[in-house]
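**Student:** Whatever this is, show me its structure:
(chains A, B, C and D)
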Number of protein chains: 2
Amino acid sequence: MTRQPRTRPTLEEVASAAGVGRGTASRVINGSAKVSDRARQAVESAIAELGYVPNRAARTLVTQRTDAVALVIAESEERVFGEPFFAGVVRGVGIALSEAGLQLVLLLAHTAQRHGRLDDYLTRQHVDGALLLSLHDDDALPERIRERGLPVVLGGRATEDQQGVYVDVDNALGARLAVDHLVHRGRRRIAAIAGPADMVVGRTRHDGYLAGLRAAGLESDDALVVRGDFSQASGESGMRVLLSRRPDLDAVFCANDLMAAGALRVLREAGREVPRDVSVVGFDDAPLAQSTHPPLTTVHQSPEQMGREMVALLLENMRHPDEPPQPRLLETRLVVRESS
Amino acid sequence: MTRQPRTRPTLEEVASAAGVGRGTASRVINGSAKVSDRARQAVESAIAELGYVPNRAARTLVTQRTDAVALVIAESEERVFGEPFFAGVVRGVGIALSEAGLQLVLLLAHTAQRHGRLDDYLTRQHVDGALLLSLHDDDALPERIRERGLPVVLGGRATEDQQGVYVDVDNALGARLAVDHLVHRGRRRIAAIAGPADMVVGRTRHDGYLAGLRAAGLESDDALVVRGDFSQASGESGMRVLLSRRPDLDAVFCANDLMAAGALRVLREAGREVPRDVSVVGFDDAPLAQSTHPPLTTVHQSPEQMGREMVALLLENMRHPDEPPQPRLLETRLVVRESS
DNA sequence: CAGAGTGATGGGAGCGCTCCCATACGCTGT
DNA sequence: ACAGCGTATGGGAGCGCTCCCATCACTCTG
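**Tutor:** Residues are numbered from 1 along each chain as shown, chains lettered A, B, ... in the order given. Take a look at the predicted model:
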């Protein structure tokens, strides 16, 4: 191990050490073009010997590429770091990018002020593309970024009629699976603790629930539906409301696992046995679904896969900027545990 | 708003639009040196008009600075995203860096493979400095990075006799505060659910506990001490062990809030009333400390402040590479709620 | 009024790389 | 043996910026 010299070797030095020209050395490093075996080997051993590492700034300056991609999560640190979903996506994105030799830059931007900086950052030719996660209905960010000519892929649609490139979970179908399962279990009075009406996930999962009822020939009943905000507390209070309105309910579909956990707790307190008296199904297959009492039947989605797919679409879009790739809807599947 | 031209304006263009030379324009942008008011204003309005943004790659190429700093968290995505502590640090770091005009690059590196990439990344002149968080005892990463001449600041010491620049919470003193408080409340048989013995936080908090007992003239008793792994489950099982060994205990100091939450739960199940029969104190002042039953008395630390301090030390170290700044120990304070 | 200083200014040099063109080299075919 | 072609090769140009030096226009002093 030679001590690193204070100044890193340059391409020029590598080339002369290998007895070739700068051009040839560059060709070897970039793998491309025709280079004789002799030259290639000479350059490669010179690189190894000198411990040469290309200067990224110099390369970026001429190629106009940065080999970095931003993952923007439009939430506060608290939410991002509290939600296992994000962990999965980040991991998926991280893995896929590193396979492609790209660098991940993670940006959290919730406040408006940060949003400004963000715009700036994304424009300043720091990244070759952007992945956006958890946008809110009214967010014009993707539009602005796209205008500046930067490829963008969204994770989760911001609106139903989303244009642009996105990856989303097939929430409607997932919810449908859950309801079908409950019907199959012989349940007839299937309640729902839905998500917020101003979020697409909330709406599409609810649509799936309604579709499931319809398919089974069951009537939907407003008394059987409450809305929560995806928090455990809202699941608890929602469940209490449902029990008071319709004590005869025999199943509950919850738009996420956290609310389902709350529902389970209230049901237990109310003396209803799960699943004997009431079946409960959640959505997400979050880690906590395995540690509820009883373990929760839930619709599985894979945030990690979402991350990977987002990267795949982004890469495609970066390669062919003119023909943006088709959006992807990810499959879900039902994981049956003991709550149904 | 003029439509962005396909190619961004260069300094040269700004200069000629302002009727000055390239050098003067550069001086204005970098705020430095003597520039006449007339020139400054001309350049500034040209910048505004053309929507000029400096090309970072070009600047980096010549200055050898990147204006970016890496925050390396040596944990899996799951742990990072499950621990509110990290959220706080990330926020603190983010705020402090953005105030300094530096870019934050967040790197998660737990696997060895990723570690290799990381080395590579940090060496490749991508960042001007590195902040390392949550290192494990045997990690040689800081050493390797420092060797390559990159300023490094650690968050939390990896070993007691840590050399180098670090910011840490004064865990020993914090634990001491907790025990003093319990003593003050008249408690005499003060148990401890300690953290893992192979982590510095675990050890130093335990040292503080022992020091507190000593100061109060109480004997330490191994039967009053169990070790957990900072998880809620380990707090529960630890509490059960303690109750079986020493049913007469009248207080428990837990090395973090999560274990304290577990202890509270077990105590309730065992019919002990908190704080009448047993006082409980945690450590961290995590959000959950406010929602336990009863709300948890705990030692407050500020991850956000830790993040800020880390940045401050790094900046100092970057400015004066020869005289590394003194490590910082952050204060803690006791937050008294209803569990004691 | 000349000489010395002071401060703003313009622009050359060069950071390390990729791109590309001109060149040299090695073949083949006649 | 030589034209003709294809292919590996060397190196100039230039990416956009900062650094620095020479220059110029003034002002101040003796």
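
**Student:** Leaving out chain neighbours, which residue sits closest to residue A:97?
**Tutor:** Nearest residue to residue A:97 in three dimensions, chain neighbours excluded: residue A:104, at 4.9 Å (C-beta to C-beta, 6 or more residues apart in numbering or on different chains). Using the backbone N, CA and C atoms, a C-beta is placed for each residue, glycine as well.

**Student:** I'd guessed the one you found sits against residue A:92; true?
**Tutor:** No: using C-beta atoms under 8 Å, residue A:104 is not in contact with residue A:92, being 10.9 Å away.

**Student:** contacting residues around the residue of the stretch 151-300 of chain A found nearest DNA strand D?
**Tutor:** With C-beta to the nearest atom of the strand, the shortest gap between the stretch 151-300 of chain A and DNA strand D falls at residue A:151, namely 20.0 Å. Neighbouring residues of residue A:151 by C-beta atoms under 8 Å, 6 or more residues apart in numbering or on different chains: A:128, A:129, A:130, A:165, A:314, A:317, A:318, A:321.

**Student:** What does it show for phi and psi?
**Tutor:** phi -60, psi 140 (degrees, to the nearest 10).

**Student:** re earlier: taking the contacts of residue A:151 one by one, which sit in strands?
**Tutor:** A:129, A:130 (DSSP state E).

**Student:** lowest-confidence helix or strand of chain A?
**Tutor:** In chain A, the helix or strand scored least confidently by mean pLDDT, DSSP states H and E is helix A:112-123, which has a mean of 65.

**Student:** pLDDT below threshold where in chain A?
**Tutor:** Chain A contains residues with pLDDT under 70 at A:1-7, A:33, A:82, A:110-117, A:120, A:124-125, A:136-138, A:158, A:161-162.

**Student:** All the strands of it, residue numbers only.
**Tutor:** A:68-73, A:103-108, A:129-133, A:152-155, A:166-169, A:190-194, A:225-227, A:251-254, A:279-284, A:297-300, A:328-330, A:333-335.

**Student:** Include mean neighbour count when you put these into TSV, please.
**Tutor:** Formatted as TSV, these follow (neighbours: other C-beta atoms under 10 Å in any protein chain shown):
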stretch	mean neighbour count
strand A:68-73	24
strand A:103-108	22
strand A:129-133	24
strand A:152-155	26
strand A:166-169	24
strand A:190-194	27
strand A:225-227	18
strand A:251-254	30
strand A:279-284	29
strand A:297-300	25
strand A:328-330	17
strand A:333-335	15
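
**Student:** Buried only: go through the contacts of residue A:151 for me.
**Tutor:** Buried by 16 or more other C-beta atoms under 10 Å in any protein chain shown: A:128, A:129, A:130, A:165, A:314, A:317, A:318, out of the contacts of residue A:151.

**Student:** could you pick out which of these are near DNA strand D?
**Tutor:** Contacts with DNA strand D are made by none of the buried ones among the contacts of residue A:151, judged by C-beta under 7 Å from any atom of the strand.

**Student:** between these, which is nearest residue A:199?
**Tutor:** Nearest to residue A:199 out of these is residue A:165 (C-beta to C-beta; 20.2 Å).

**Student:** Quick check: the closest one vs DNA strand C, distance?
**Tutor:** 25 Å (C-beta to the nearest atom of the strand, to the nearest Å).

**Student:** OK, contacts around that residue?
**Tutor:** Counting by C-beta under 8 Å, 6+ apart, residue A:165 has contacts A:151, A:152, A:153, A:154, A:313, A:314, A:317, A:324, A:325, A:327.

**Student:** OK, contacts around the fifth one?
**Tutor:** It refers to residue A:313. A:153, A:165, A:167, A:325, A:327, A:328.
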